[in-house]
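Undergrad: structure for the following, please:
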Amino acid sequence: MNLIDKINPIVKNIPPSGIRKFFDIVTEMKDAISLGVGEPDFVTPWRVRESGIYSLEKGHTHYTSNWGLAELREEISTYVLNKYNIQYDPKDEIIVTVGGSEGIDIALRTLVGNGDEVLVQQPCFVSYKPCVEFCGATPIIIETKEDNQFKLTAEEIEEKITPRTKVLIMSFPNNPTGAVMTKDELEPIAEVIKKHDLLVISDEIYSELTYGFRHTSIASLPDMRDRTIVINGFSKAFAMTGWRMGYTCAHRDITGAMFKVHQYAIMCSPTTSQYAAIEALKNCDDEVEMMNREYDRRRRLIINGLRKAGLKCFEPQGAFYAFPSIKETGLNSNDFCEKLLMEEKLAVVPGNAFGDCGEGFVRMSYAYSADTINSALERINRFMSRL
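TA: Below you'll find the model as predicted:
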């Protein structure tokens, strides 16, 4: 029996994530350094860990409501209102999900299917395009450009819209580029969305990680709240990647439909993590601010170091990634990363893992200690001097 023939062709034909390609090698390579994984090096704040521990001591080991704990949804509602000036009813407009990734998945499965087209901004998080394809829909790529600071424009969106277009997926602050969008830059995009009666899935997982200004959600713009599904979570800002906690915010009609997918596929998010998340939202502003300051320091360190090494690098204003151009080396993204790993034991991610328009770039995370970044920069300098 040929088991490969039994696999859904859509799943069979989607390649594995390009992010992980080099990291199996790194784990077995002595003295290797990785700037590849988008995960804070900070440990989850103690008070958050303590809340999780206390919830276990109290015996909170059962399922919660499929929606998530009522107190947690109340805190999310308050947080989103205070931070981004958007009001969502905690009873029926917020779902607590297993990370932001589940939120993206259930939003797409709720909104699109065979014959639909989804506009996907690239370079972007590796999950968007495959998740669209898993739904049977067609991803239509909008390539953002370095000479425009990797921002999305209304004109680029307008060019790609057809009668089959239903949804735009966008992510700012952006992974992998670190690009951000201001309120003034989002407003013309909102007008195009309304003009063509589209919906937006706005992945705002890095919303707390901006440098020099506050994040603006497209959902906060006039008449955009009900057209937008906001995806957010706790992994990046609160250093809670392993807790797998996220949430969606949307109009109750869309949320009610997404809830069905969540209910049958997941049931509920981890109970211990939900209690920890309540504490994070209530009492961790100082810790988030401290981590943000440190990321900003590391951001300046890595950008200056890459430029001194001879790599042209757009200055990221959000998230915790640098996205330097390696075009002048004459190597493509995969070859650059492979040679850097084999010659200097330094792992970074090829830019084309985030879409074809990422070719000619590599992603380097600065969610690592300053000592690690300095050691990585020394290796890059040696590598570039040989090239």
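
Undergrad: from here on, contacts and neighbour counts on C-alpha atoms
TA: Noted.

Undergrad: worst-scoring helix or strand of the protein, pLDDT-wise?
TA: Every helix and strand in the chain was compared by mean pLDDT, DSSP states H and E; the lowest is helix 23-27, with a mean of 71.

Undergrad: Q87 sits in which helix or strand?
TA: Per DSSP states H and E: Q87 is located in neither a helix nor a strand.

Undergrad: report the separation between it and Y295.
TA: 29 Å (CA to CA, to the nearest Å).

Undergrad: of those two, who's got more company?
TA: Remark: of Q87 and Y295, Y295 carries more neighbours, 25 against 18, as counted by other CA atoms under 10 Å.

Undergrad: following the strand or helix carrying the more buried one, which helix or strand shows up next?
TA: Remark: Y295 resides in helix 285-308, with elements defined by DSSP H and E. Of the helices and strands lying after helix 285-308 in sequence (DSSP H and E), the nearest is strand 321-322.

Undergrad: which strands and helices lie in contact with whichever helix or strand comes after that following strand?
TA: Sequence-wise, the next helix or strand downstream of strand 321-322 (DSSP H and E) is helix 333-344. With contacts taken as 3 or more CA pairs under 8 Å, 6 or more residues apart in numbering; DSSP states H and E, helix 333-344 sits against strand 346-347, strand 349-350, helix 370-386.

Undergrad: mind listing what's buried along helix 333-344?
TA: S333, N334, F336, C337, E338, L340, L341, E344 (16 or more other CA atoms under 10 Å).

Undergrad: same question for stretch 185-194.
TA: L186, E187, I189, A190, E191, V192, I193.

Undergrad: do stretch 247-256 as well
TA: Those buried within stretch 247-256 under the rule 16+ other CA under 10 Å are Y247, T248, C249, A250, H251, R252, I254, T255, G256.

Undergrad: what do you get for stretch 282-292?
TA: Quick answer for stretch 282-292 (16+ other CA under 10 Å): C284, E287, V288, M291, N292.

Undergrad: any idea whether H60 is helix, strand or coil?
TA: coil (DSSP: H, G, I helix; E, B strand; the rest coil).

Undergrad: please tell me I have it right and it contacts T271.
TA: Yes: proximity of H60 to T271 meets the contact threshold set by CA atoms under 8 Å, at 7.1 Å.

Undergrad: can you pull the contacts of the nearest residue to G355 once chain neighbours are set aside?
TA: Once flanking residues are discounted, G355 sits nearest to P123: 5.3 Å by CA to CA, 6 or more residues apart in numbering. Going by CA atoms under 8 Å, 6 or more residues apart in numbering, P123 touches E143, T144, N175, P176, T177, G351, F354, G355, D356, C357, G358.

Undergrad: any idea which element the third one lies in?
TA: So the one you mean is N175. Using DSSP H and E, no helix or strand contains N175.

Undergrad: near it, how many other residues are there?
TA: With other CA under 10 Å as criterion, N175 counts 25.

Undergrad: how near is it to L221?
TA: 23 Å.

Undergrad: verify the contact between E146 and F314 for me.
TA: Yes: between E146 and F314 a contact is recorded at 7.2 Å, counting by CA under 8 Å.

Undergrad: highest neighbour count among the contacts of P123?
TA: Neighbour counts for the contacts of P123 peak at T177, which has 33 neighbours (criterion: other CA under 10 Å).

Undergrad: per-residue confidence for that residue?
TA: Note on T177: pLDDT of 98.

Undergrad: for it, what are phi and psi?
TA: Backbone torsions for T177, taken as degrees, to the nearest 10, come to phi -90, psi -30.

Undergrad: shouldn't C357 be in contact with E146?
TA: No: applying CA under 8 Å, one finds C357 not in contact with E146, separated by 9.9 Å.

Undergrad: which parts of this structure belong to which domain?
TA: 3-44+286-386, 46-283 (automatic domain parsing).

Undergrad: end to end, how far does the longest one reach?
TA: Distance between the boundary residues of domain 46-283 (CA to CA) amounts to 11 Å.

Undergrad: do the same with the shortest one
TA: When the termini of domain 3-44+286-386 are compared using CA to CA, they are 47 Å apart.

Undergrad: equivalent analysis for stretch 53-70, please.
TA: 20 Å.

Undergrad: ok, residues contacting it?
TA: Residues contacting stretch 53-70 (CA under 8 Å, 6+ apart): 90-91, 94-97, 259, 262-263, 267-272, 274-275.

Undergrad: among those, which are in strands?
TA: Per DSSP state E, strands hold the following members of the contacts of stretch 53-70: I94, I95, V96, T97.

Undergrad: ramachandran coordinates for T138?
TA: phi -110, psi 120.

Undergrad: so who does it touch?
TA: N114, G115, D116, E117, V118, V132.

Undergrad: could you check how far the third one is from E289?
TA: I take that to be D116. Distance from D116 to E289, counting by CA to CA: 41 Å.

Undergrad: next: the first one.
TA: Taking CA to CA as the criterion, N114 is separated from E289 by 44 Å.

Undergrad: just to check, L340 is in contact with A347?
TA: Yes: the criterion here is CA under 8 Å, and L340 meets it with A347 at 7.1 Å.

Undergrad: roughly how far apart are R225 and Q87?
TA: Note on R225: its distance to Q87, by CA to CA, is 9 Å.

Undergrad: let me fix that: N283
TA: 21 Å.

Undergrad: could you do G355 as well?
TA: Distance, G355 to Q87, using CA to CA: 34 Å.

Undergrad: before we move on, the earlier item: and which of the ones in strands among the contacts of stretch 53-70 is nearest Y321?
TA: Using CA to CA, T97 comes nearest to Y321 of the ones in strands among the contacts of stretch 53-70, at 24.8 Å.
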